[in-house]
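Q: this one's structure only:
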Ligand code: VG1
Ligand code: CO
């Protein structure tokens, strides 16, 4: 029998770029997680008796919320809940389960690349029946519901053994504890040529994967070491830890520094990669060369025909607005469309469902395709391995040949973290007001060609998402984008994205920092970063 628990609303339960993210102590308050989950259950459309997928990245507090969500699902009319063993599901694996087993949706418990542990971050995200993150109309409705919620319901049942595979009845609802890895590994094997990769390995292809003590460890062990036959120890930090070993599980050259340095050193293998907290991001580093995520998207697209799943070509490419234009040039060469969406995977769902695009990517190390409705870290790694297995050339040569054909988009993101929110808001408000006066101005030796605030109209359902990032375009094709992060949990994070294009005949071997130096100076002059924030240098450059 469902039991009703009285509650009062919490302020600020507004999902950001990817779900609701707060510090663990915030989530530990009585009723906090319950209010949000009940608001989801009160809002999302579904038939009674439908299936819910449930799992998280294994961070601290994961099991507590999973146990409670099961009791609540039983009281809210679900017929079946699929839970990853130990409460573990990577984000792409959860997306796959939703699609494969016809679930009406899923709850993914993760704060992704944010640090974990008792003082770290926690998060909850709802995905819809297509397997993708709930679109804005739904997250808005959930947020509205959190403002008036006065009760949550749950059945009275003890905690389950989340580690024992099998089915259990909870208040008349079936809970199936499933192998977190099996379905996902099977999907990967159906997309890529594992035989070709195995042969390349036998012929000497070497690699290392850093799972960053986060969720992909068990997946990578099964796929890379067991199914592809790489030696044990190829996957580093393979055990998911509740606090990720005290690190940021963010696969970039800063937080995956050990891997990065190894790849730049004398003993580097041919290929290195890392993934994030919830397994949807990827870092790609060849021996002696870092591949920017924007370039990775373009290079995967240009070589997609070499991979079984994409042998018949791509229907289109989609990238988030701040992602570099490298993929656009590949789309042009392939004669297919390239879509530009706001930041966040939820904006790709409609394009994928409509068959308008096959692969998608973000500058933040997210890449994915129509095989699920999330970005997918291990998928990107296997895609690269499949291409390398077919082409049999070093990553460095592949990149050089790519740039020689399409030109090179030098690219960097500068993050200013934990700025006082009021200061960040002032910076953005001033910048917005200055937009009309910018075109024609000469700043740090660059001339502004155009300036706007990116607004997106979804080509499928016509929904409008305004104010998605401020863009400054310069004569010659360079660009600066400013936007505030929607995933942070402390103050505001300003992201500044710098991009400069050099054509095939231009300077293709420059150092990124040097090539972008003028743009960095211009960014500060245009937005008054130091004046508003007191910061003279970014906290993280990726
Ligand atoms: C960041 C990235 C964005 C990504 C989002 C979720 O958002 O910039 O590209 O989709 O994180 O990724 P923001 O609003 O902080 O810039 V994940 O792997 O943290 O779920
Ligand atoms: Co993630």
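A: That came through fine. Values in this document were obtained by computation on a predicted structure and should not be read as measured data. Ligands and ions are numbered 1, 2, ... in the order given.

Q: only C-alpha atoms from now on, for both contacts and neighbour counts.
A: Fine.

Q: from residue 315, how far out is residue 321?
A: Separation of residue 321 from residue 315 (Cα to Cα, to the nearest Å): 19 Å.

Q: how distant is the helix or strand containing residue 141 from the center of its chain?
A: Using DSSP states H and E, residue 141 maps to helix 136-146. Computed by Cα atoms, centre = their mean, to the nearest Å, the chain-centroid distance of helix 136-146 equals 21 Å.

Q: stretch 115-130 too?
A: A distance of 12 Å separates the centroid of the chain from that of stretch 115-130, by Cα atoms, centre = their mean.

Q: how about it: buried residues?
A: The neighbour-count check on stretch 115-130 (16 or more other Cα atoms under 10 Å) flags 115-118, 120-130 as buried.

Q: what does stretch 416-432 give?
A: 416, 417, 419, 421, 423, 424, 425, 427, 428, 431, 432.

Q: returning to that earlier point: name the residues that touch the helix holding residue 141?
A: By Cα atoms under 8 Å, 6 or more residues apart in numbering, the surrounding residues in contact with helix 136-146 are 9-10, 13-15, 35-36, 39-40, 42-44, 346.

Q: between the residues you listed, which sits nearest ligand 2?
A: Proximity of the contacts of helix 136-146 to ligand 2 (Cα to the ion) peaks at residue 346, which lies at 12.9 Å.

Q: coming back round to it: I'd like the next helix or strand past the helix holding residue 141.
A: Note on helix 136-146: by DSSP H and E, the next helix or strand toward the C-terminus is strand 151-155.

Q: need the residues that contact that next one.
A: Contacts to strand 151-155, defined as Cα under 8 Å, 6+ apart, come from residues 1-8, 34-35, 38, 68, 71-76, 171.

Q: tell me the confidence at the residue in the chain that ligand 2 sits nearest to?
A: Residue nearest to ligand 2 within the chain (Cα to the ion): residue 112, separated by 3.9 Å. Residue 112 carries a pLDDT value of 96.

Q: burial measure for it, as a count.
A: 30 (other Cα atoms under 10 Å).

Q: spit out the contact partners of it.
A: With Cα under 8 Å, 6+ apart, residue 112 has these contacts: 57, 249, 276, 277, 278, 279.

Q: tell me the secondary structure for residue 81?
A: Per DSSP: H, G, I helix; E, B strand; the rest coil, the local secondary structure of residue 81 is strand.

Q: how much space between it and residue 133?
A: Counting by Cα to Cα, the gap from residue 81 to residue 133 is 18 Å.

Q: go on, residue 401?
A: Distance of residue 401 to residue 133, given as Cα to Cα: 36 Å.

Q: between the two, which is the more surrounded one?
A: Between residue 401 and residue 133, residue 133 has the larger neighbour count (other Cα under 10 Å), namely 30 against 13.

Q: from residue 19, how far out is the residue nearest to the more buried one when sequence neighbours are not counted?
A: Counting by Cα to Cα, 6 or more residues apart in numbering, residue 133 lies nearest to residue 127, which is 4.2 Å off, once chain neighbours are set aside. As judged by Cα to Cα, residue 127 and residue 19 stand 9 Å apart.

Q: worst-scoring helix or strand of the chain, pLDDT-wise?
A: strand 540-541 (a mean of 94; mean pLDDT, DSSP states H and E).

Q: just to check, residue 381 is in contact with residue 286?
A: No - with contact defined as Cα atoms under 8 Å, residue 381 does not reach residue 286; the gap is 11.5 Å.

Q: all strands of the stretch 151-300 of the chain, in order?
A: For the stretch 151-300 of the chain, the strands defined by DSSP state E, counting those that start in this stretch occupy 151-155, 166-170, 173-178, 207-210, 235-236, 271-275, 282-286, 289-291.

Q: mind putting those strands into a markdown table with distance to ligand 2, mean pLDDT and mean neighbour count?
A: Formatted as a markdown table, the strands of the stretch 151-300 of the chain follow (distance: least, Cα to the ion, whole Å; pLDDT from 0 to 100; neighbours: other Cα atoms under 10 Å):
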| stretch | distance to ligand 2 | mean pLDDT | mean neighbour count |
| --- | --- | --- | --- |
| strand 151-155 | 29 | 98 | 21 |
| strand 166-170 | 28 | 98 | 15 |
| strand 173-178 | 22 | 98 | 22 |
| strand 207-210 | 15 | 98 | 24 |
| strand 235-236 | 18 | 98 | 22 |
| strand 271-275 | 8 | 98 | 27 |
| strand 282-286 | 9 | 98 | 27 |
| strand 289-291 | 19 | 97 | 19 |
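
Q: how about the ones you listed in CSV, adding distance to residue 24?
A: Shown next, in CSV, are these (distance: least, Cα to Cα, whole Å):
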stretch, distance to residue 24
strand 151-155, 21
strand 166-170, 27
strand 173-178, 25
strand 207-210, 25
strand 235-236, 27
strand 271-275, 22
strand 282-286, 25
strand 289-291, 34
